[in-house]
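1. The following comprises the amino acid sequence and a computationally predicted model.
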Amino acid sequence: MSRYLIQNLHAMPTVAGSANSIRIQGDVITAIGEDLPLEDGETAIDGRHCVAYPGFVNTHHHLAQSVLKGIPEGRQVPLGEWLAQVPYRYWPKITPDDMYVAAKVGFYELLRSGVATCADQHYLYHAGTSPELEDAVWQAAEELGIRFVLCRGATTTTGSHRGMQGNRIQPETLDLAISRMEASRQRYHDGSDLSMRRLVVAPTSLVHTSPRDDLLAFGEFAKAHGLKRHTHLLEVSYDEQVAQTQHGMSAVDYADSCGWLGEDVWFAHLVKADRPAIDKLARSGTRIAHCPTSNSRLGSGIAPVIDMAKAGMKITLGVDGSASSEGGSMLQEMNFAWLLHRTQHGADATSPEGVMGWATENGADLLGFKTGKLALGYGADIVLYRLDSPRLAGIHQSEWAPVMAGEPSEIHMSFVNGKPVVQGGRVLGVDEQQLTQDAMNVVQRLKSLVNS
C-alpha cells in the first residue's frame with residue numbers, strides 16, 4: 001500500500017481550520033493537520049508554495065472530439081449545422097486506434113488541468129460499430145490513471161437529428177444497444193465508492209435519437225442495474241420546438257413523461273430551460289452539467305445556472321467536447337464560469353469558492369463517488385497547484401489564484417485514488433512528443449478520408 005505525506009502546503013481553502021499537511025494511505029486520505037510528522041514508510045511530498053484542491057470532476061465530455069478541433073466547416077455555425085459538419089461527418093470514419101489516441105489526448109488535457117474524474121458521453125455507436133471502439137477508451141483511462149465514467153450513448157433512430165440523416169448513419173436497434181450496454185456493464189462497471197470505472201446509461205439526445213418506448217426501456221435497464229442516467233437537453237431551442245410539435249408538451253415535461261427526471265439523472269447544457277422547467281427539474285432532484293465554453297463557442301447561449309442554484313438544483317461542470325471549445329481544461333472552465341455569470345447577474349453572482357464546489361463536491365456527489373472533498377476517509381484525489389510564478393505572485397488572495405487567473409497554471413503534483421498522475425506539470429506515463437505525432441497522424445488520416 002502506497003503512503004504519502006504532503007507537507008508545508010501554503011493553503012487548503014476547502015478545509016476548515018489551520019492545516020498544511022495531508023496524509024495518504026492507499027487510496028484514501030487518513031489525516032489532515034498542521035505539521036504532521038513523517039512516519040516510517042511514507043514518501044514526503046513538499047507542498048511549499050502550493051495550494052491543494054480536491055481533484056476536479058468533469059461531468060460531461062466527448063473524448064472522440066479531441067482529434068476534431070477547429071474544423072473549418074464548423075467554426076462559424078450554430079449547433080445543428082456544426083453537428084452535421086463535424087462529429088457526424090467524421091464519426092463513422094474513426095477507428096479504434098483513432099479513438100485510443102483521441103482518448104489519450106483528452107485525458108492528458110484533463111489531467112494537466114487538475115481533473116481526477118471524467119464522465120465521457122461516448123456516442124460513437126451505430127449498427128456496425130466494433131466493440132474495440134469503446135474498449136479503446138477504457139484502456140486509455142486505465143493507462144493514464146484517471147477515474148472514468150463511460151456515459152454509454154445510444155442512437156436508435158435518426159429521428160429529427162439532421163446530422164445523422166445527412167451522413168447516412170445506420171442506428172442501433174434497441175435490443176442491440178441494450179445487449180452491448182450489458183456486455184460493458186459486466187466487463188467494466190464497478191459501483192463501489194472509490195471505483196475507477198463506472199457505466200452510465202446515456203442515450204445521445206433525449207428528444208432526437210431515441211423514441212419514447214426506447215427511453216423507457218433504457219430507464220428500466222438503468223434502474224434494474226443501479227446505473228445513473230445522462231443525456232443532452234435544451235442546448236438550443238430546437239429541442240423545445242421538436243417536443244412541442246411531436247409530443248405536444250415542453251421538452252422537460254416530455255422527459256418527465258418518459259421517466260427521465262430524478263436524482264439519478266443529469267442533463268448536459270439546459271441552456272434554454274425556462275422558469276417552469278427549472279422549477280420542475282429542481283423538484284425532481286435532476287441536475288445539470290454546465291458547459292459554458294462550448295455553449296459560448298457555438299452561440300447557444302448562457303445556461304441559467306444562477307436561477308437553477310437558487311431553485312435548489314446542484315450545478316456541476318463539464319468541459320464538453322474539444323471540437324466545440326478547442327480545449328479540455330477544467331480549470332479554464334471554472335474560470336470562465338466564475339466570470340460569465342457576473343455579466344448577467346452582477347459582481348456577486350459567483351465566487352471562486354462556489355465554482356470550486358460545482359467542480360468538485362457537486363460532481364462527485366452526482367456520480368456517486370466518495371471524492372470531491374479533502375476530508376478523512378475520502379478518496380485521495382488531490383491536485384497541488386504552484387503559486388510561485390510571476391503571473392500569480394501579485395494575487396492577494398493567493399489560495400484562489402489558479403481559479404481566478406485560469407490557464408496557464410502549473411500542477412506541482414496530482415493524485416487520483418492515492419496514485420500520482422501528474423508531477424512537475426507533466427502527465428505521468430505520457431510521451432508528449434509521441435502523443436503529439438500520433439494525434440497529428442490521426443488528423444491527417446481523417447482529413448484525407450473526408451475530403452477524398
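-> Done, it's in.

2. Checking my notes, H412 in a strand, right?
-> Yes. Under the criterion used here (DSSP: H, G, I helix; E, B strand; the rest coil), H412 sits inside a strand.

3. Report the spatially nearest residue to it, omitting neighbours in sequence.
-> Residue nearest to H412 in three dimensions, not counting chain neighbours: L384, with 4.4 Å by Cβ to Cβ, 6 or more residues apart in numbering. Using the backbone N, CA and C atoms, a C-beta is placed for each residue, glycine as well.

4. residue boundaries of the strands in the stretch 51-200 of the chain?
-> Applying DSSP state E, counting those that start in this stretch to the stretch 51-200 of the chain gives strands spanning 56-61, 115-122, 147-152, 197-201.

5. Which elements pack onto the first one?
-> Strand 56-61 makes packing contacts with helix 96-111, strand 115-122, strand 315-317, helix 330-340, helix 361-367 when contacts are defined by 3 or more Cβ pairs under 8 Å, 6 or more residues apart in numbering; DSSP states H and E.

6. got the contact list for that strand?
-> Residues lying outside strand 56-61 but in contact with it, judged by Cβ atoms under 8 Å, 6 or more residues apart in numbering, are 106, 110, 113-121, 151, 230, 266, 268, 289, 291, 316-321, 328, 330-331, 334, 359-360, 362-364, 366-367, 369, 371-372, 383.

7. Which of these are buried? Put it as a PyMOL command.
-> Selecting just the buried residues from the contacts of strand 56-61 in PyMOL takes one command, with 16 or more other Cβ atoms under 10 Å as the test:
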select buried, resi 106+110+113+114+115+116+117+118+119+120+121+151+230+266+268+289+291+316+317+318+319+320+321+328+330+331+334+359+360+362+363+364+366+367+369+371+372+383
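
8. Tell me where the protein is predicted with low confidence.
-> Counting by pLDDT under 70, the ranges of the chain that qualify are 158-168.

9. Repeat the analysis, applying 80 as the threshold.
-> 158-169, 452 (pLDDT under 80).

10. returning to what we had before: so the residue nearest to H412 sits right up against S414, yeah?
-> Yes. Between L384 and S414 a contact is recorded at 6.9 Å, counting by Cβ atoms under 8 Å.

11. ok so, going back, indicate which one of the strands of the stretch 51-200 of the chain is closest to T350.
-> Judged by Cβ to Cβ, the one of these that comes nearest to T350 is strand 56-61, at 16.4 Å.

12. Can you list the strands that the closest one pairs with?
-> Next to strand 56-61 in the sheet, as set by DSSP bridges, lie strand 115-122 (parallel).

13. Would you pull up how far the partner strand lies from the middle of the chain?
-> With Cα atoms, centre = their mean, to the nearest Å as the basis, strand 115-122 stands 4 Å off its chain's centre.

14. The helix ranked longest in the chain versus helix 96-111: what angle between them?
-> The longest helix of the chain (DSSP state H) is helix 432-451. Computed with axes from the mean of the first three to the mean of the last three Cα atoms, to 10 degrees, the direction of helix 432-451 lies at 130 degrees from that of helix 96-111.

15. Now do helix 432-451: which elements does it pack against?
-> Counting by 3+ Cβ pairs under 8 Å, 6+ apart, the elements that helix 432-451 packs against turn out to be helix 87-90, helix 96-111.

16. Now the phi/psi pair for V28, please.
-> Taking degrees, to the nearest 10, you get phi -130, psi 160 for the backbone angles of V28.

17. count of neighbours near it?
-> Residue crowding around V28 was assessed by other Cβ atoms under 10 Å; the count is 19.

18. what's the answer for A337, then?
-> 23.

19. got it, and L174?
-> Counted by other Cβ under 10 Å, the residues lying close to L174 total 19.

20. give the contact list for it.
-> In this structure, L174 makes contact with 156, 210, 213-214, 217, judged by Cβ under 8 Å, 6+ apart.

21. For D348, state which of the residues you listed is nearest.
-> Of all those, D348 sits closest to S210, with 41.3 Å by Cβ to Cβ.

22. on that earlier part again, reformat the strands of the stretch 51-200 of the chain as a markdown table; add distance to H189.
-> As requested, the strands of the stretch 51-200 of the chain are arranged in a markdown table below (distance: least, Cβ to Cβ, whole Å):
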| stretch | distance to H189 |
| --- | --- |
| strand 56-61 | 18 |
| strand 115-122 | 13 |
| strand 147-152 | 9 |
| strand 197-201 | 4 |
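
23. Identify each buried residue in stretch 261-279, please.
-> For stretch 261-279, burial by neighbour count (16+ other Cβ under 10 Å) applies to 261-262, 264-273, 277-279.

24. Could you work out the end-to-end span of it for me?
-> Chord length of stretch 261-279, first to last residue, is 12 Å (Cα to Cα, to the nearest Å).

25. correct me, but R297 touches A323?
-> No. In this structure, R297 is not within contact of A323 by Cβ under 8 Å, at 9.4 Å.

26. Could you report the separation of the residue nearest to G406 when sequence neighbours are not counted from T350?
-> Using Cβ to Cβ, 6+ apart and skipping the chain neighbours, the partner closest in space to G406 is N335 (3.4 Å). Taken as Cβ to Cβ, to the nearest Å, the spacing of N335 relative to T350 amounts to 11 Å.

27. what's stretch 297-305 in contact with?
-> Stretch 297-305 is touched from outside by 78-79, 82, 235-236, 269-273, 278, 288, 290-292, 294-296, 313, 315, 324-326, 337, 340-341, 344, with contacts defined as Cβ under 8 Å, 6+ apart.

28. Swap in 7 Å and give it another go.
-> Contacts of stretch 297-305 from elsewhere in the structure, counted by Cβ atoms under 7 Å, 6 or more residues apart in numbering, are 78-79, 82, 235-236, 269-273, 278, 288, 290, 295, 315, 324-325, 340-341, 344.

29. what about burial for those residues, which qualify?
-> The neighbour-count test (16+ other Cβ under 10 Å) applied to those identifies 79, 82, 235-236, 269-273, 278, 288, 290, 295, 315, 324-325, 340-341 as buried.

30. Cross the residues you listed against helices and list the overlap.
-> Reading helices off the buried ones among the contacts of stretch 297-305 with DSSP H, I get 79, 82, 278, 295, 340.
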